[in-house]
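> below is the structure, and that's it, no one-letter string:
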């Protein structure tokens with residue numbers, strides 16, 4: 001019984017995931033990339 005509930009919840013989650021994934025991934029990647037660039041810039045400015 002519990003397994004069936006988990007399976008149904010997982011199926012619902014799996015069907016919703018691709019939409020959110022497509023919506024959020026570009027912004028998440030961009031912000032992560034910008035954050036990494038600023039961190040590297042700080043590190044370089046600290047060295048010089």
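Cool, the structure landed. Just so it is clear, the structure is predicted and the values come from calculations on it, not from any experiment.
> quickly find the element holding residue 13.
helix 2-47 (DSSP states H and E).
> let me see the mean pLDDT of that helix.
Averaged over helix 2-47, pLDDT sits at 75.
> give me the number of residues near residue 7?
Residue 7 has 10 neighbours, counted by other CB atoms under 10 Å. Yep, even glycine has a C-beta here, placed from its N, CA and C like the rest.
> now residue 35
If you count neighbours by other CB under 10 Å, residue 35 ends up with 10.
> quick one: contacts for it?
With contacts defined as CB atoms under 8 Å, 6 or more residues apart in numbering, residue 35 is in contact with no residue.
> ok, it to residue 41 distance?
Residue 35 is 11 Å from residue 41, where distance means CB to CB, to the nearest Å.
> over to residue 10?
Taken as CB to CB, the span from residue 10 to residue 41 is 42 Å.
> equivalent analysis for residue 33, please.
Using CB to CB, we find residue 33 at a distance of 13 Å from residue 41.
> same check, this time on residue 34
10 Å.
> how about residue 15?
Residue 15 is 41 Å from residue 41, by CB to CB.
> again with residue 32
15 Å.
> please apply the same query to residue 6.
For residue 6, the distance to residue 41 - CB to CB - is 46 Å.
> over to residue 3?
Taking CB to CB as the measure, residue 3 falls 51 Å from residue 41.
> the more surrounded of the two?
Using other CB under 10 Å as the criterion, residue 3 and residue 41 rank with residue 41 on top: 10 against 7.
> give the contact list for that one.
Contacts for residue 41 (CB under 8 Å, 6+ apart) come out as none.
> now it: how far from residue 31?
Distance of residue 41 to residue 31, given as CB to CB: 15 Å.
> now swap in residue 11 and tell me
Residue 11 is 31 Å from residue 31, by CB to CB.
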